[in-house]
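K.L.:
Only the shape, not the letters, is given here:
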Ligand code: HEM
Ligand code: HEM
Ligand code: HEM
Ligand code: HEM
Ligand SMILES: O=C1O[C@H]([C@@H](O)CO)C(O)=C1O
C-alpha cells in the first residue's frame, strides 16, 4: 500500500503543477470566453479524467473489506464526478475557441480527447446498466467484467495520452523559447512526467 | 484472429501515412544533418517502437503450436531489431538538432521519449538474462514473468504516447495553418489515430 501513497503524492503533484502553470504563469481563471477560461480546461480535464478517474478505479483495491454494494456506488459516483469535471473542462475550451473565432476539433489532441470522453461516457453507462441496475443475471455481469476492466484501463491510458499532447500543444502555443526551458516549461514538463508515473503506478495496482 | 489481421492493417496504415507525410510533404529522406535526416526519426521510431514492438509481443499469441525456444528467440530478435531502429531514429534527430544548433532534450516529448527507449533497453536486457541465459531457475523465471509482461505493455503505451506528442509537435512546427486541416494535417492526425487503434487491439490481444 506504499504504492497507493506514492500514486496519491505524484498525482496531486501533477495537478498542483498544472494549477500553478495556469494560475500563476498563464493568468489565472475566469468564465468569460477569455484565455483565463481556457485555463480551466487543463485543470478540469486532469482533475477529472486522470486524478478522479484513478481514484474511482482504486476504490476496489483500497477498501477490500467494505460491503460490495457500497464500494460499487462509490466507484460509480467518483466516475460520474470525473465526467462532470470533464464536461465542464470541454465547455471551457469550446467557449474560448468560439469567443476567439478559433476552429474547433482540428488537432490530434482534440480528436483523441473527444474520443476519450465519449468512450468514458459509454463505459459509465454500460457500468451502471450492467452492475447497478437490479435484475441483470450473474453470468452476464461476470462475462462483461473483463471487457469493463480492459476498457476502463485503456480509456485511462487515452486520457493520459490526451493530457500529454495537450501540455505539448499549450507550451508550443504560449512559449517562443520552449527550448530554453524557462520555469514555465520545466513546470509543465514535470506535470507531464508526474501523470506518466501516476499512470504507471495506477496501471500496476489495477491489473493485479 | 480477425483482430490480429485488423491490427496489422491499421498498424501498417499508420506507418504508411507517416512515410507519406515525411516522404511526400516534408521533403523525403537523407543522412546529412538536414531536415530530411530528421524525417527518418518519425518513421524509424514508429516502425521500431510501435510496429515491430507489437509484432514481437504478438509472436506468443500467433504461433501457439511452435516450439517454445524458437518463439522465444523470435520474440527477442524482433525486439532487438526494434531497438536498432529506435537507436538509428534517435541518432537522426540528435544529428539534425546539432547540425541546426537546436537544443537537445528540452521537450516533454523528448523526456518521455528517451525514458521509453532506456526502459525498453533495460527490459530487453532483463528478458535475455532471465529467459534465454541457461541456468536461471524456473521459479525465478516464473516470478519475474508478470513484471516482464506488465512493463512490456506499459513501455509500449509510453512509446505510443511519445509518438502522439511527436506528431503534435511536428505539425505545430511545420504548419502555420494546422487549424485549417490541410491534407498534411489530416494525414498526420489519421496516422495518430491508427497508432491509437493499433495500441488498443494489441493491448487487448496481449492481456488475455
Ligand atoms: C484528458 C485530458 C484532455 C482531454 C480529453 C482534452 C480534450 C480536448 C478537446 C476535445 C479539445 C478541442 C476543443 C475545441 O476544439 O474547441 C481540446 C483543446 C485543447 N486542449 Fe485539451 N484535453 C485534455 C487535456 C488537456 C491539457 C492537460 C492541456 C494543456 C495543458 C490541454 C490543452 C488543450 C489546448 C491548447 C487545446 C486547444 C487546441 C486544440 O484544439 O487542440 N488539454 N482538448
Ligand atoms: C467510466 C466509468 C467506469 C470506468 C472507467 C470503470 C473502470 C473499472 C475498472 C478499471 C475496474 C477494475 C478495478 C480493479 O480491479 O481494481 C472496474 C471494476 C468494476 N466496476 Fe467499473 N468503471 C466504470 C463505471 C462503473 C459503474 C458505473 C459501475 C456500476 C456501479 C461499475 C462497476 C464495477 C464493478 C462491479 C467492478 C468489479 C470490481 C471487482 O469485483 O473486481 N463500474 N471498473
Ligand atoms: C516512440 C516514438 C518516439 C520516441 C521514443 C521519440 C523520442 C525523441 C527524442 C528522445 C527526441 C529528442 C531529440 C533531441 O533532443 O535531440 C525527439 C525529438 C523530436 N521528435 Fe521524437 N520520438 C518518437 C516519435 C516521434 C514521432 C512519431 C514524431 C513526429 C511525427 C516525432 C517528432 C519529434 C520532433 C519534432 C522532435 C524535435 C523536437 C523535440 O526535441 O521535441 N517523434 N524524439
Ligand atoms: C524490450 C524487450 C521485451 C519486451 C517489451 C517484452 C515484452 C513481453 C510481453 C508484453 C510479453 C507477454 C506476451 C503475451 O503474453 O502475449 C512477453 C512475454 C515473454 N517474454 Fe518478453 N519482452 C521483451 C524481451 C524479451 C526477451 C529478450 C526475452 C528472452 C528471450 C523474453 C522472453 C519472454 C518470455 C519467455 C515470455 C513469456 C511468454 C509466455 O509463456 O506467455 N522477452 N514479453
Ligand atoms: O524547432 C524545431 O524544428 C525542428 C524540426 O521540427 C524541423 O525539421 C526541430 O527538431 C525542432 O526542435
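P.N.:
Perfect, I can see it now. This is a predicted model, so every value here is computed, not measured. Ligands and ions are numbered 1, 2, ... in the order given.
K.L.:
tell me the SS of residue A:56?
P.N.:
Recorded secondary structure, residue A:56: helix (DSSP: H, G, I helix; E, B strand; the rest coil).
K.L.:
That one touches residue A:82, doesn't it?
P.N.:
Yes. Residue A:56 lies in contact with residue A:82 (C-beta atoms under 8 Å); the separation is 6.5 Å. For glycine as for every other residue, the C-beta is placed from the backbone atoms N, C-alpha and C.
K.L.:
the more surrounded of those two?
P.N.:
residue A:82 (24 against 21; other C-beta atoms under 10 Å in any protein chain shown).
K.L.:
got a list of what the more buried one touches?
P.N.:
Counting by C-beta atoms under 8 Å, 6 or more residues apart in numbering or on different chains, residue A:82 touches A:48, A:49, A:52, A:53, A:56, A:120.
K.L.:
Look up the closest residue to residue A:206, ignoring the ones flanking it.
P.N.:
residue A:57 (5.2 Å; C-beta to C-beta, 6 or more residues apart in numbering or on different chains).
K.L.:
Give me the distance between stretch A:76-85 and the centre of its chain.
P.N.:
10 Å (C-alpha atoms, centre = their mean, to the nearest Å).
K.L.:
hmm, it in reach of ligand 1?
P.N.:
No. Figure legend: stretch A:76-85 not in contact with ligand 1 (C-beta under 6 Å from any ligand atom); closest approach 9.8 Å.
K.L.:
and that stretch, which residues are buried?
P.N.:
Going by neighbour count (16 or more other C-beta atoms under 10 Å in any protein chain shown), the buried part of stretch A:76-85 is A:76, A:78, A:79, A:81, A:82, A:83, A:85.
K.L.:
what's the distance between the first one and residue B:111?
P.N.:
Here residue A:76 is placed at a distance of 36 Å from residue B:111 (C-beta to C-beta, to the nearest Å).
K.L.:
list the helices and strands the one helix or strand residue A:167 maps to packs on?
P.N.:
Following DSSP states H and E, the helix or strand that holds residue A:167 is helix A:138-174. Under the contact criterion of 3 or more C-beta pairs under 8 Å, 6 or more residues apart in numbering or on different chains; DSSP states H and E, helix A:138-174 touches helix A:40-46, helix A:53-62, helix A:108-127, helix A:183-206, helix B:108-127, helix B:138-174, helix B:183-206.
K.L.:
May I see the buried residues of that helix?
P.N.:
A:144, A:150-172.
K.L.:
From what I see, the residue nearest to residue A:206 and residue A:207 are in contact.
P.N.:
No. Checked against C-beta under 8 Å, the pair residue A:57 and residue A:207 is beyond contact range at 10.2 Å.
K.L.:
Looking only at neighbour counts, state which of those two leads.
P.N.:
residue A:57 (20 against 15).
K.L.:
where's residue A:125 relative to chain B, distance?
P.N.:
19 Å (C-beta to the nearest C-beta, to the nearest Å).
K.L.:
Tell me, how many residues neighbour that residue?
P.N.:
The burial count for residue A:125: 10, using other C-beta under 10 Å.
K.L.:
I'd like the distance between it and residue B:38.
P.N.:
From residue A:125 to residue B:38 the distance is 44 Å (C-beta to C-beta).
K.L.:
Need the per-residue pLDDT for the residue nearest to residue A:173 when sequence neighbours are not counted.
P.N.:
The spatial neighbour of residue A:173 that comes closest, neighbours along the chain excluded (C-beta to C-beta, 6+ apart), is residue B:172 at 7.8 Å. Listed pLDDT for residue B:172 reads 98.
K.L.:
Next to ligand 2, which bits of chain A? Give me the list.
P.N.:
Residues of chain A lying near ligand 2 (C-beta under 6 Å from any ligand atom): A:57, A:60-61, A:72, A:75-76, A:79, A:120, A:123-124, A:127-128, A:131-132, A:145, A:148-149, A:152-153, A:155, A:206.
K.L.:
8 Å instead?
P.N.:
A:53, A:56-61, A:68, A:71-73, A:75-76, A:79-80, A:82-83, A:120-121, A:123-128, A:130-132, A:141, A:145, A:148-149, A:151-153, A:155-156, A:205-207 (C-beta under 8 Å from any ligand atom).
K.L.:
ok, back up a step: columns distance to residue B:34 on top of the helices and strands packed on helix A:138-174, output as CSV?
P.N.:
CSV is the format used below for the helices and strands packed on helix A:138-174 (distance: least, C-beta to C-beta, whole Å):
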stretch, distance to residue B:34
helix A:40-46, 35
helix A:53-62, 43
helix A:108-127, 26
helix A:183-206, 27
helix B:108-127, 20
helix B:138-174, 14
helix B:183-206, 19
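K.L.:
Tell me which of the ones you listed lies nearest to ligand 1.
P.N.:
Closest to ligand 1 of the helices and strands packed on helix A:138-174, according to C-beta to the nearest ligand atom: helix A:108-127, at 2.5 Å.
K.L.:
just checking, residue A:50 touches residue A:163?
P.N.:
Yes. Using C-beta under 8 Å, residue A:50 makes contact with residue A:163 at a distance of 6.1 Å.
K.L.:
Give the intersection of the neighbour lists for the two.
P.N.:
By C-beta under 8 Å, 6+ apart, the residues touching both residue A:50 and residue A:163 are residue A:195.
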